[in-house]
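**Student:** build me a model from this:
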Amino acid sequence: QLQLVESGGDSVQAGGSLRLSCAASGFTFHHYSIAWFRQAPGKEREGVSCITGSGSTRYADSVKGRFTISRDNAKKSVYLEMNSLKPEDTAVYSCALDTLVGTMCAMADYEYDYWGQGTQVTVSS
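**Tutor:** Okay, here's the model as predicted:
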């Protein structure tokens, strides 16, 4: 059974750091792109970052230089290291799987086929 499970969400002060994890199971992990999305109350879901099976990455402009995505194929996990957090980073963060193998990962949610349940990140000023 294909499954994505996020963890690591928490409440932090502005300027703080968090590391989110996405643990995958039920598929050949290293083939596929994984992305992080976030959705704040009353706002549309937005792509934060993505990583291909080979390790190519993309970032939203709003998080470039602050967030780092990585993956450990042996552990079937993807991580999102978030530094210099801002109140506007507050959202539910979800990881998602794109089952279409490509040379570059997508940042649009409609490209992704499977989703985790999400983990809450709250940044207070």
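**Student:** ok, the most centrally placed residue in the chain - contacts?
**Tutor:** Against the mean C-alpha coordinate of the chain, by C-alpha atoms, centre = their mean, the closest residue is W36 at 2.1 Å. When contacts are counted by C-beta atoms under 8 Å, 6 or more residues apart in numbering, W36 is found next to 20, 22, 47-50, 69, 78, 80, 93-96. C-beta: built from backbone N, CA, C; applies to glycine.
**Student:** S124: which of those residues is nearest?
**Tutor:** Y93 (16.4 Å; C-beta to C-beta).
**Student:** what's the neighbour count on that closest one?
**Tutor:** As a burial measure, Y93 scores 23 neighbours (other C-beta atoms under 10 Å).
**Student:** what of Q39?
**Tutor:** Q39 - counted by other C-beta under 10 Å - has 15 other residues nearby.
**Student:** I34 now?
**Tutor:** Neighbours of I34 (other C-beta under 10 Å): 26.
**Student:** now F29
**Tutor:** F29 has 20 nearby residues by other C-beta under 10 Å.
**Student:** chain neighbours aside, what residue packs nearest to it?
**Tutor:** Nearest residue to F29 in three dimensions, chain neighbours excluded: K76, at 4.3 Å (C-beta to C-beta, 6 or more residues apart in numbering).
**Student:** quick revisit: which SS state does the residue nearest to the centre of the chain fall under?
**Tutor:** When classified by DSSP: H, G, I helix; E, B strand; the rest coil, W36 comes out as strand.
**Student:** pretty sure L85 contacts S11?
**Tutor:** No. Counting by C-beta atoms under 8 Å, L85 does not reach S11; the two are 10.5 Å apart.
**Student:** which outside residues touch the helix or strand R19 falls within?
**Tutor:** Element membership of R19 [criterion: DSSP states H and E] is strand 18-25. Residues outside strand 18-25 that contact it (C-beta under 8 Å, 6+ apart): 1-10, 12, 34, 36, 75-82, 85, 93, 95, 97, 116, 119, 121.
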